[in-house]
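Trainee: heads up, no residue letters with this:
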């Protein structure tokens with residue numbers, strides 16, 4: 001079996017959907033490991049070198065999953081660019097200190113469903129190319145531009161007419177808000193919500209109203225994101 005090449009800034013994708021979506025997006029694997037059946041079925045997409053045919057036992061030795069998939073690939077990290085705050089195109093999703101890999105992966109997948117193209121993360125947010133995040137996105141990470149920045153520095157460059165929506169417990173109901181254009185939606189951390197420094201920039205605090213009989217104190221960050229994107233973009 002081939003060896004991983006020693007290169008910096010690489011990530012691993014596992015599973016047919018994940019691997020093929022990254023290949024279709026234009027990324028070429030540094031190394032690809034798959035069983036013969038998978039390679040035979042997907043030969044039309046494999047116009048590159050460094051393809052290693054391996055057995056199920058060999059895949060089980062290198063996988064991070066409980067149940068090994070048919071394929072694992074190593075890619076160089078894409079060069080995602082931070083959007084200019086003065087030139088926002090569509091709704092930008094901003095994530096303030098999302099720590100849980102599963103939550104971030106689900107958020108990226110949800111954003112892809114609703115057509116979001118740019119996600120800007122705080123520097124304390126979990127790495128989008130963490131294997132658990134990549135797996136949870138189910139290929140969506142290949143279609144979104146996910147970048148990291150100091151959020152307060154970036155927000156200081158936003159035009160004054162831009163709506164900066166922030167998910168908070170006491171804000172305007174999402175039933176009452178206008179549809180955004182070239183605006184921003186900020187989602188805070190699972191434990192603490194939007195940080196105080198970032199909250200200062202929010203000029204449109206919004207809330208998901210609960211049913212009168214509801215008793216939960218808050219919503220999971222990925223669930224809240226899904227509800228808010230549905231309300232804002234459909």
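Mentor: Right, received. Where do you want to start? Everything quoted here is computed from the prediction, not taken from an experiment.
Trainee: give me the neighbour count for residue 133.
Mentor: Neighbours of residue 133 under the rule other Cβ atoms under 10 Å: 25. Glycine gets a C-beta too; all of them are placed from N, C-alpha and C.
Trainee: make sure it is indeed in a strand.
Mentor: No. The assignment for residue 133, made by DSSP: H, G, I helix; E, B strand; the rest coil, is helix rather than a strand.
Trainee: that one: what's it in contact with?
Mentor: 101, 102, 104, 105, 108, 126, 127, 141 (Cβ atoms under 8 Å, 6 or more residues apart in numbering).
Trainee: so how many other residues sit close to the second one?
Mentor: Yep, that's residue 102 we're talking about. 14.
Trainee: for the nearest residue to it once chain neighbours are set aside, list the residues it contacts.
Mentor: Spatial nearest neighbour of residue 102, excluding adjacent residues (Cβ to Cβ, 6 or more residues apart in numbering): residue 136 at 5.4 Å. Going by Cβ under 8 Å, 6+ apart, residue 136 touches 101, 102, 104, 105, 106, 108, 109.
Trainee: quick check: domain ranges of this protein?
Mentor: Annotated domains of the chain cover 10-76, 92-233 [automatic domain parsing].
Trainee: adding distance to residue 85, write those domains out as CSV.
Mentor: Below are those laid out as CSV (distance: least, Cβ to Cβ, whole Å):
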stretch, distance to residue 85
domain 10-76, 25
domain 92-233, 4
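Trainee: so what touches stretch 61-74?
Mentor: 4-5, 10-16, 19, 22-23, 29-35, 37-38, 56, 59-60, 131-132, 135.
Trainee: now list the buried members of the contacts of residue 136.
Mentor: Among the contacts of residue 136, the ones that count as buried by 16 or more other Cβ atoms under 10 Å are 101, 104, 105, 106, 108, 109.
Trainee: among those residues, which lie within helices?
Mentor: 101, 104, 105, 106, 108, 109 (DSSP state H).
Trainee: in this structure, which spans are strands?
Mentor: Along the chain, the segments classed as strands by DSSP state E run 10-14, 31-34, 51-53, 71-76, 92-95, 118-122, 145-149, 164-173, 184-187, 204-207.
Trainee: just send the ones you listed back as TSV, with mean neighbour count, mean pLDDT and distance to residue 44 too.
Mentor: Shown next, in TSV, are the strands of the chain (neighbours: other Cβ atoms under 10 Å; pLDDT from 0 to 100; distance: least, Cβ to Cβ, whole Å):
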stretch	mean neighbour count	mean pLDDT	distance to residue 44
strand 10-14	21	96	19
strand 31-34	24	98	14
strand 51-53	15	97	13
strand 71-76	22	97	15
strand 92-95	26	98	34
strand 118-122	22	98	31
strand 145-149	18	97	27
strand 164-173	17	95	43
strand 184-187	26	98	38
strand 204-207	19	96	45
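Trainee: quick one: closest of the ones you listed to residue 197.
Mentor: strand 118-122 (10.0 Å; Cβ to Cβ).
Trainee: what does the pLDDT read for the residue nearest the centre of the chain?
Mentor: A centroid search over the chain (Cα atoms, centre = their mean) returns residue 108, at 3.0 Å, as the residue closest to the centre. The per-residue pLDDT reported for residue 108 equals 98.
Trainee: and the closest residue to it other than its chain neighbours, what does it touch?
Mentor: The shortest distance from residue 108 to any non-neighbouring residue, by Cβ to Cβ, 6+ apart, is to residue 137 (4.6 Å). If you count contacts by Cβ under 8 Å, 6+ apart, residue 137 has them with 18, 105, 108, 109, 112.
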